[in-house]
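1. I'll drop the sequence and a predicted model, then ask my questions.
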Amino acid sequence: MSIKKEKIEELIENLQGLLDTMEEYEVEEIELKCNTYGIGSNFISFGNKGYLEIRDDYSYKFEEEE
């Protein structure tokens, strides 16, 4: 498997966003649980705090549960 430098830089940038979100919500630890919902769609749970959705472009979305 090979990965281009640009993709690694994108991943680092998005992980920094994850760290910033954890700091905003004052979360010191997250539990990652992976499930696949169709081709190219990954769902990673933040325990009871919400979810991180990673697709091919390494984007993420964080939402607080009701």
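-> Okay, I see it.

2. low pLDDT regions in this structure?
-> Scanning the chain for pLDDT under 70 picks out 1, 31-66.

3. repeat that with 80
-> 1-3, 14, 29-66 (pLDDT under 80).

4. helix or strand for Glu9, which one?
-> helix 5-24 (DSSP states H and E).

5. Give the buried residues for that helix.
-> Asn14, Leu18, Thr21, Met22 (16 or more other C-beta atoms under 10 Å). The way it works is simple: take the backbone N, C-alpha and C, and place the C-beta from them, glycine included.

6. any idea how far Glu6 is from the second one?
-> Counting by C-beta to C-beta, to the nearest Å, the separation of Leu18 from Glu6 is 19 Å.

7. for the third one, same thing?
-> In this structure, Thr21 and Glu6 are 23 Å apart, going by C-beta to C-beta.

8. Can I get stretch 2-13 as CSV, trimmed to CA atoms?
-> Provided in CSV are the C-alpha atoms of stretch 2-13 (Å, rounded to 0.1, in the frame of the first residue of the first chain):
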residue,chain,number,x,y,z
SER,A,2,1.3,3.5,-0.8
ILE,A,3,0.0,6.9,0.2
LYS,A,4,0.9,10.2,-1.2
LYS,A,5,2.4,13.0,1.0
GLU,A,6,-0.6,15.2,0.3
LYS,A,7,-3.0,12.7,1.8
ILE,A,8,-0.8,12.3,4.9
GLU,A,9,-0.8,16.1,5.3
GLU,A,10,-4.6,16.1,4.9
LEU,A,11,-5.0,13.4,7.5
ILE,A,12,-2.7,15.3,10.0
GLU,A,13,-4.8,18.4,9.4
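
9. do you know how far Leu15 is from Thr21?
-> From Leu15 over to Thr21 (counting by C-beta to C-beta), the distance is 11 Å.

10. next one: phi and psi at Glu29?
-> Taking degrees, to the nearest 10, you get phi -150, psi 140 for the backbone angles of Glu29.

11. For Glu28, grab the count of nearby residues.
-> 6 (other C-beta atoms under 10 Å).

12. Quick check: which element contains it?
-> Going by DSSP H and E, Glu28 is not in any helix or strand.
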